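A.B. asks: Below: sequence and its predicted model.
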Amino acid sequence: MSTAAPSSSIARDLRLLGVAFAYELRKVTAWRAGFVVRELMRSLWRPLVMIFVYRAILVTPEARFGGFDFPALVAYLILAASFEKLLFHQRGLDLADQIFQGYVTKYLTMPVRFFVLALGRFAQHLAVQSSVVAFLWVVGSLLFPQWWPRVASASAALQAFVLVLLGSYCAFLMCFLVNVLAFWLEVVWTLSAMASFVFSFAAGVLVPVSAMPQSLAGALRWMFPYWAVSAPGELFLGRLGTQEFLRGVCVLLAWVVALELLRQLLWRRGLRRHIGAGV
Amino acid sequence: MNAFFHHLRLAREFARVGVIRKSQFRVEFLTQVVMDTAWYLVHIATFEILFSHTDSLAGWSRAEVRVFLGFLFLSDAFWMIWLGQCWHFGRELKDGVLDSLRLRPGASVFVYFFQRFSLEACVNGAMALSWLLFALWDIPLALAPLGLLKLAWALALAFWARTALSVGFTIAEFRAVNSDLSNLAWEVTMTLADRPVEVFPLRMRQLLTSLVPVAALSSLPAAFVLGRISPLEAAAHTLWIFLLGLGVFAWWRRSFRHYASALG
């Protein structure tokens, strides 16, 4: 009996996750123009614009930027844009609005874990963005074969993908945490936006972390954004090896544990403050 | 002239309400100041790292790019102070809550886009101005009387272009409701405005200085103050962007005539 209860609870959560995933997928595709704008084009612009910036800096074929020549930087930026699309985006979660308006109460009275509903969003995001990235890669590699990144090996691609997945889960937990602050604060969008700026910089979306000053790069290697974008990019291109991959897995798992514990703590404390009528 | 003073009074009223609102949400005040400060720091850090690898970026030196960033920050602060409402336009159009604009206490473009005055953005504006003055300190004659006149002109150009683009992008929402097109357009615009326009190829530069005058947010004003373009060239750009802005406002008013509360 003692083992049957948790397993039935897990099965119920998994069923709910499936339902939430299907519902979120239907919702995100309901507005076609919005789908193209939000899902297809998001996170592409900044890395693409940086290609022009690096073109202006690396004017001769011999010129290097932090060990990258121009074609290598273009490949890196394409990878950075692709990986950033796979990372959970702050707009994917409207938990703060639900807390402000008191809507979250109705979910709390149901015999399900609220977090599973949010996980449904995460699963939907990964499914949609993986399809979008796969589509863009097919189109891009056909149109620009000379610029498109070439994978160093199959294991390098797999290692990069594992890091991006873990990094995306960290980004999801971070979004959840920022949203949960709505139990205490009147406004959290500013914190979300700030987290997004800092995340992009620390992830090396515009400038590879390895090209940053050594002390700064050393500090960023302890943060999860680096292992979610910059390191997978360099792994994919064969600039980092398996040892770095293992270090990345350790750092990301440590972040997952820390963020998850913090999420549970803040969620419990927030619910104690929640009055169900919005702020 | 009466209409001008009437709209100035409306702006004063929006500012008064904005100050009262922000006196109630103190944490929001602080977080927005910190958010914009983080945005400034990320930009400064990015360019400083780029310049640790090169001496010139498409002909712009490190000192000149600092001036460029000053205009970018200050025009962004103007946008945050006065035009923050444009960020909500798509959702409000979909929800059909724009009926009050029909009452027309003033020009509909002005009443809608300037209604959300942000006191905290004034703090960021002061920081942005400090950065611009710090950057101009290294530029000979930039802070002389003639230089200050050019600075005022350049800022007016940047603010006008911001307003015209903010209004212009929302027109897309009338055509594709709940598409987030205006926010996407802003995201792309800000990304393009974040870099001196000279980094882009010729055709793109022409586009960004004419039909979609993103360069007027930061590149053109900085180039004018730094003497990279002549006063005559600056006057031509100013005239064109002024007329473009008037055209955009007229187009927005025409689009708004087709607005029905139940668009969504």
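C.D. replies: It's in. Numbering: from 1, shown residues only, chains lettered A, B, ... in the order given.
A.B. asks: Whatever residue of the stretch 151-264 of chain B ends up closest to chain A in helix, strand or coil?
C.D. replies: Nearest residue of the stretch 151-264 of chain B to chain A: residue B:179, at 3.7 Å (Cβ to the nearest Cβ). Where C-beta positions appear, they are placed from N, C-alpha and C, glycine not excepted. Taken by DSSP: H, G, I helix; E, B strand; the rest coil, the conformation at residue B:179 corresponds to coil.
A.B. asks: Just give me the neighbour total for it.
C.D. replies: Taking other Cβ atoms under 10 Å in any protein chain shown as the neighbour definition, residue B:179 ends up with a count of 21.
A.B. asks: Alongside chain B, which residues does chain A contribute?
C.D. replies: For chain A, the residues found near chain B under the criterion Cβ under 8 Å from any Cβ of the partner chain are A:31, A:33-34, A:37-38, A:41-42, A:45-46, A:49, A:52-53, A:55-57, A:65-66, A:185-188, A:190-191, A:193-194, A:197-198, A:200-201, A:206-207, A:211-213.
A.B. asks: again, only using 6 Å
C.D. replies: The interface of chain A toward chain B, taken as Cβ under 6 Å from any Cβ of the partner chain, is made up of A:31, A:33-34, A:37-38, A:45-46, A:49, A:52-53, A:56-57, A:65, A:185-187, A:190-191, A:193-194, A:197-198, A:201, A:206-207, A:212.
A.B. asks: which of the residues you listed count as buried?
C.D. replies: A:31, A:33-34, A:37-38, A:45-46, A:49, A:52-53, A:56-57, A:65, A:185, A:187, A:190-191, A:193-194, A:197-198, A:201, A:206-207, A:212 (16 or more other Cβ atoms under 10 Å in any protein chain shown).
A.B. asks: Take those and keep only those in helices.
C.D. replies: Cross-referencing these with the helices (criterion: DSSP state H) gives A:33-34, A:45-46, A:49, A:52-53, A:56-57, A:190-191, A:193-194, A:197-198, A:201 as the overlap.
A.B. asks: List just the nearest of these to residue A:138.
C.D. replies: Among these, residue A:45 lies closest to residue A:138 (Cβ to Cβ), at 20.5 Å.
A.B. asks: residue contacts, the closest one?
C.D. replies: Contacts for residue A:45 (Cβ atoms under 6 Å, 6 or more residues apart in numbering or on different chains) come out as B:188, B:191.
A.B. asks: Retrieve the pLDDT associated with it.
C.D. replies: Reading off the confidence values, residue A:45 has pLDDT 83.
A.B. asks: separation between it and residue B:188?
C.D. replies: Taking Cβ to Cβ, to the nearest Å as the measure, residue A:45 and residue B:188 are separated by 5 Å.
A.B. asks: where's stretch B:20-31 relative to the chain centroid, distance-wise?
C.D. replies: 23 Å (Cα atoms, centre = their mean, to the nearest Å).
A.B. asks: Residues in contact with it: which ones?
C.D. replies: The list of residues contacting stretch B:20-31 from outside it, by Cβ under 6 Å, 6+ apart, reads A:185-187, A:190-191, B:119-120.
A.B. asks: what do you get if the cut-off is 8 Å, keeping everything else the same?
C.D. replies: When contacts are taken as Cβ atoms under 8 Å, 6 or more residues apart in numbering or on different chains, the neighbours of stretch B:20-31 outside the stretch itself are A:185-188, A:190-191, A:194, B:118-120.
A.B. asks: What's the end-to-end length of stretch A:206-223?
C.D. replies: The distance separating the two terminal residues of stretch A:206-223, taken as Cα to Cα, to the nearest Å, comes to 17 Å.
A.B. asks: Okay, buried residues for it please.
C.D. replies: If you call a residue buried by 16+ other Cβ under 10 Å, then stretch A:206-223 has these buried ones: A:206-212, A:217, A:220-221, A:223.
A.B. asks: Tell me which two of those sit farthest apart.
C.D. replies: The two members of the buried residues of stretch A:206-223 with the most space between them (Cβ to Cβ) are A:206 and A:221, at 17.4 Å.
A.B. asks: which residue is nearest the middle of chain B?
C.D. replies: With distances taken as Cα atoms, centre = their mean, residue B:162 lies nearest the centre of chain B, 3.1 Å away.
A.B. asks: anything in the helix or strand harbouring that one near chain A?
C.D. replies: Assigned by DSSP states H and E, residue B:162 belongs to helix B:145-175. No - Helix B:145-175 does not reach chain A (Cβ under 8 Å from any Cβ); its nearest approach is 8.9 Å.
A.B. asks: pLDDT (mean, whole number) over that helix?
C.D. replies: Here the mean pLDDT over helix B:145-175 is 94, rounded to a whole number.
A.B. asks: ok, then the element right after that helix?
C.D. replies: For helix B:145-175, the following helix or strand on the C-terminal side (DSSP H and E) is helix B:181-193.
A.B. asks: distance between that following helix and the chain's centre?
C.D. replies: Between the centre of helix B:181-193 and the centre of its chain there are 11 Å (Cα atoms, centre = their mean).
A.B. asks: what's in contact with that helix?
C.D. replies: Contact partners of helix B:181-193, identified using Cβ under 8 Å, 6+ apart, comprise A:33, A:37-38, A:41-42, A:45-46, A:49, B:72, B:76, B:86-87, B:89-90, B:165-166, B:169-170, B:172-173, B:200, B:208, B:212, B:214-215, B:217-219.
A.B. asks: got the residue ranges for the helices in the chain?
C.D. replies: Using chain A. With DSSP H as the criterion, chain A has helices spanning A:4-28, A:32-35, A:45-57, A:70-86, A:95-101, A:104-108, A:114-143, A:154-180, A:189-203, A:214-220, A:224-225, A:231-236, A:242-273.
A.B. asks: wait, chain B
C.D. replies: In chain B, the segments counted as helices under DSSP H are B:2-24, B:26-51, B:62-82, B:89-95, B:108-113, B:119-137, B:145-175, B:181-193, B:202-209, B:219-225, B:231-257.
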